[in-house]
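**Student:** Kindly return the folded structure for what I paste below:
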Amino acid sequence: MDVTTLGVLAGTLVATATALWARPLGVRLGVIDKPDGGRKLHANPTPLVGGVGLYLALLAGLALTMAAFGEVSPAAGGVFVVATVFFLLGFMDDRQHINPWARLAVGIMGAAFAASWVPELRVHHLWFPDLGFTLPLSFAAVPFTVFCLLCLKHGSNLSDGLNGLFLGMCAIWLVLLAPFLTPRTAVMLLPVAGALAVLLFANLKGRLFTGDSGAYMMSSLVGFAAIEAYNQHQGGMPALYLAACFLIPVLDMGRVMAVRIARGTGAFTPGRDHLHHYLKDWTGGSNRAVAVYLSLCALPALHIYLGAPLVVVMALQMLAYLAVLGGNRGRVPVAKAPRIEPVRIEKQPSYSGGSFKHAPKPYQNRE
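**Tutor:** Coordinates of the predicted model:
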């Protein structure tokens with residue numbers, strides 16, 4: 001059995017076990033997301049264990065890398081350590097919400113540590129072959145890397161609002177980065193890719209949610225893997241290519257935060273003014289909204305597989321994004337709770353004044 005098959009199979013098995021025992025695992029770990037009728041509109045309490053399955057797949061990928069190459073490269077090891085830090089941060093946030101500023105501080109320290117100690121995990125130059133110049137970052141390399149990672153982390157987390165959306169984005173990102181990944185990092189990510197396919201199906205069925213543990217971990221994992229691939233292919237992977245890959249969630253994050261700050265409500269205040277909310281309102285369904293959102297994220301494939309200019313690709317993404325916002329005309333979609341059909345209870349006889357008579361019971365809602 002070759003390494004690719006073994007890696008995908010390992011991730012598939014881990015994710016399948018996570019999906020099958022999602023509820024008892026969520027109860028045992030204390031990570032059950034309960035609907036509140038406001039921001040959380042899912043019908044039933046749902047376990048936040050998708051991130052657990054992804055992290056177990058990453059552990060399998062680390063073991064597979066050591067078995068295949070006899071060692072783990074500093075870059076792959078750095079990616080794993082930071083992914084672990086972000087996974088634990090997200091897991092604690094799933095159990096008991098952490099102050100957003102504390103999360104931001106831990107995110108800055110984790111990303112700065114990796115970018116400072118592993119040269120392959122920081123952006124040294126910005127290559128713009130389409131525009132004909134290179135911009136060295138020098139002392140700004142580490143701060144710029146941290147800024148990019150935090151933008152991807154928060155953008156990914158804010159976009160995780162519809163079943164299948166975040167995991168679908170992760171799958172698309174791995175496909176877009178696959179031609180550039182270094183061998184060791186590629187092998188480490190094989191079980192993660194296998195787990196994504198299974199967990200995406202389970203998430204679409206509503207069996208589990210990714211949780212902050214999965215969102216934080218996968219954003220750091222994909223982000224640092226992209227930076228390593230970018231440095232490995234000096235001049236071969238334009239900076240605009242990575243910008244196009246992550247443009248939609250990061251752009252939406254920037255818009256949402258700017259609007260909330262302007263309104264005086266705070267950058268981290270929850271709301272229903274994200275792109276996926278507008279798409280759901282516009283298309284009339286969650287699955288259609290996810291399909292449109294993922295299509296926008298997948299547009300960089302036109303460059304890598306068909307040779308379309310990156311400027312054209314990003315222009316298409318921006319035009320589509322602005323068209324959705326413009327079509328909505330600034331109206332924030334109204335939260336709609338899941339429809340619950342009333343169940344009529346049969347009349348029960350009651351005793352009153354020496355004779356039985358039927359007393360009607362009120363309507364009761366089904367769970």
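**Student:** pLDDT wise, what is residue 324 at?
**Tutor:** At residue 324, the predicted lDDT confidence score is 89.
**Student:** List the buried residues in the helix or strand it falls within.
**Tutor:** Using DSSP states H and E, residue 324 falls within helix 310-328. Within helix 310-328, the residues that qualify as buried by neighbour count (16 or more other CB atoms under 10 Å) are 310, 313, 314, 317, 321, 324, 328. C-beta here means a position set from N, CA and C on the backbone, and glycine is covered the same way.
**Student:** With stretch 283-291 instead?
**Tutor:** 283, 286, 289, 290.
**Student:** and these as CSV, adding distance to residue 176?
**Tutor:** Shown next, in CSV, are the buried residues of stretch 283-291 (distance: CB to CB, whole Å):
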residue, distance to residue 176
283, 24
286, 24
289, 21
290, 18
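**Student:** Okay, now the unreliable bits of the stretch 201-350 of the chain?
**Tutor:** Within the stretch 201-350 of the chain, the set of residues satisfying pLDDT under 70 comprises 234-235, 267-268, 329-350.
**Student:** Check the stretch 51-200 of the chain too.
**Tutor:** For the stretch 51-200 of the chain, the ranges with pLDDT under 70 are 130.
**Student:** ok, which stretches of it are helices?
**Tutor:** Counting by DSSP state H, counting those that start in this stretch, the stretch 51-200 of the chain forms helices over residues 74-95, 100-117, 141-159, 165-177, 183-204, given from the N-terminal end onward.
**Student:** Give me the residues contacting the second one.
**Tutor:** Identification of contacts with helix 100-117 by CB atoms under 8 Å, 6 or more residues apart in numbering yields 78-79, 81-82, 85-86, 89, 93, 121-122, 141-142, 145-146, 149-150, 153, 216, 220, 224, 268.
**Student:** how about a cut-off of 6 Å?
**Tutor:** Where contact means CB atoms under 6 Å, 6 or more residues apart in numbering, the residues beyond helix 100-117 that reach it are 78, 82, 85, 89, 121-122, 142, 145-146, 149-150, 153, 268.
**Student:** Could you check that helix and say which residues are buried?
**Tutor:** By neighbour count with 16+ other CB under 10 Å, helix 100-117 contains the buried residues 103, 104, 106, 107, 110, 111, 112, 113, 114, 115.
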